[in-house]
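Colleague: With the sequence up front, the predicted model follows.
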Amino acid sequence: MVQQVSVGASARAGEAAGDGSHALLPDLAYRRVVMVNVVFVGAPDAGDRGWVLVDAGIPGGKGLIKGTAEARFGAGARPAAIVLTHGHFDHVGVLEDLAEEWDVPIYAHAAERPYLDGSASYPSPDPTVGGGALALLSPLYPTKPADVGVRLVILPADGTVPPMPGWRWIHTPGHSPGHVSLWREADGSLIAGDAFVTTAQESIYAVALQEPEFHGPPMYLTIDWSAAAASVRRLAALRPERVVTGHGRPLEGAEMRRGLDALAQDFEAVAGPDHGRYVAHPAQAEDGSAYREP
């Protein structure tokens, strides 16, 4: 099975800044923290409470995130909030430390709440899908929940993101039950989280190389493939101008849209595994199978 849609180098987006980040727009930047991206939303020099952090990286990434934030927004500048696309270990690695130090609310979808208030663990990873060393190592990845319940705020049902005016959240489950992507219609900017990614996250080689290409969500942690396919199609239908994902390079323009359209159209052939723990038996919020004892 082909597991990617290749795109040309012209689709690459983001200009390097001296703070370790790459700017996509004046008020939208990302930083790669080892193997995962975090996103900074806010104008440079926005100051204290003038910006938002999307996702919180891997364990050990606190210094990189804080350093970039202070260089970009000003010394001691804390975010107005942390918004989570989902609660997997590589997106909440330093969430508890940062939230405590910054004294900020944490926004997430209601279906992610059990993974963020300490009450439930994620389903076990599936090392049989995707191939590559990172897939084979997936049984070692943490699935236990974070515990930030006292700071947790559930995203409102109307689709708004209170600390991010002009942005809306879109429920994009499949990789996790409460996965969300963030969309700004005014300029076509999409923060897709892991609804789809732009590198083969299962492969150490591909993660290091960061060639621009479209993939479905990281396979070893995806628990509902039908929902994942529907989520990619929902995002492709937005016709974004630029996308930044949880893993891989951000992409933009017509060549990006061509690749995303191809992934959406042929998701089952390109991205969906033909075997695996969750292919015939998805883990879902509706029946409780997505939540395990912590």
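Modeller: Everything's here; your move.
Colleague: which parts of stretch 98-105 are buried?
Modeller: Using 16 or more other Cβ atoms under 10 Å as the test for burial, stretch 98-105 gives 98, 99, 102, 104, 105. The C-beta positions use only the backbone N, C-alpha and C, and glycine is treated the same way.
Colleague: quick one, phi/psi of the most centrally placed residue in the chain?
Modeller: Nearest residue to the geometric centre of the chain (Cα atoms, centre = their mean): residue 193, 2.1 Å. When read as degrees, to the nearest 10, the backbone of residue 193 gives phi 60, psi -130.
Colleague: One more: residue 102?
Modeller: phi -90, psi -10.
Colleague: Mind pulling up the pLDDT for the nearest residue to it once chain neighbours are set aside?
Modeller: In space, residue 102 comes closest to residue 78 once its chain neighbours are excluded; the distance is 4.3 Å by Cβ to Cβ, 6 or more residues apart in numbering. Residue 78 is assigned 98 on the pLDDT scale.
Colleague: Same check on residue 203?
Modeller: 53.
Colleague: now the one 5 residues further on
Modeller: At residue 208, the predicted lDDT confidence score is 49.
Colleague: what does the one 10 residues further on give?
Modeller: For residue 218, the model assigns a pLDDT of 93.
Colleague: Strands of the stretch 51-200 of the chain, start to end?
Modeller: 52-54, 81-83, 106-108, 152-154, 168-171, 180-184, 189-193 (DSSP state E, counting those that start in this stretch).
Colleague: closest one to residue 249 among these?
Modeller: Counting by Cβ to Cβ, residue 249 lies closest to strand 189-193 out of the strands of the stretch 51-200 of the chain; the figure is 12.5 Å.
Colleague: Buried residues, stretch 166-184. List them.
Modeller: Under the neighbour-count criterion of 16+ other Cβ under 10 Å, stretch 166-184 has 167-184 buried.
Colleague: how long is it from one end to the other?
Modeller: End-to-end span of stretch 166-184 (Cα to Cα, to the nearest Å): 6 Å.
Colleague: follow-up on the earlier one: wait, doesn't the residue nearest to the centre of the chain sit right on residue 86?
Modeller: Yes - applying Cβ atoms under 8 Å as the test, residue 193 and residue 86 come out as touching, 6.1 Å apart.
Colleague: Please enumerate the shared neighbours of the two.
Modeller: Common neighbours of residue 193 and residue 86, using Cβ atoms under 8 Å, 6 or more residues apart in numbering, are 175, 179, 180.
Colleague: which ones are touching the first one?
Modeller: Going by Cβ under 8 Å, 6+ apart, residue 175 touches 86, 88, 193, 194, 195, 217, 218, 221, 222, 223, 228, 231.
Colleague: From the residues you listed, which land in helices?
Modeller: Taking DSSP state H as the definition of helices, the contacts of residue 175 contribute 228, 231.
Colleague: mind pulling up the phi and psi values for residue 37?
Modeller: Note on residue 37: backbone dihedrals following degrees, to the nearest 10 are phi -100, psi 140.
Colleague: per-residue pLDDT, it?
Modeller: On the pLDDT scale, residue 37 gets 96.
Colleague: tally of neighbours for it?
Modeller: By other Cβ atoms under 10 Å, 25 other residues sit near residue 37.
Colleague: what stretches of this protein score poorly on pLDDT?
Modeller: Along the chain, the model assigns pLDDT under 70 to residues 1-2, 200-210.
Colleague: Going along the chain, name the helices of it.
Modeller: With DSSP H, the ranges of helices along the chain come out as 62-73, 95-102, 113-116, 133-136, 204-209, 225-236, 253-265, 267-270.
Colleague: Give me whichever of those helices is most buried.
Modeller: For the helices of the chain, the largest average neighbour count (mean count of other Cβ atoms under 10 Å) is found in helix 113-116, namely a mean of 24.
Colleague: which residues touch that one?
Modeller: Identification of contacts with helix 113-116 by Cβ under 8 Å, 6+ apart yields 84, 87, 92, 106, 108, 119-122, 145-149, 152, 154, 176, 178, 291.
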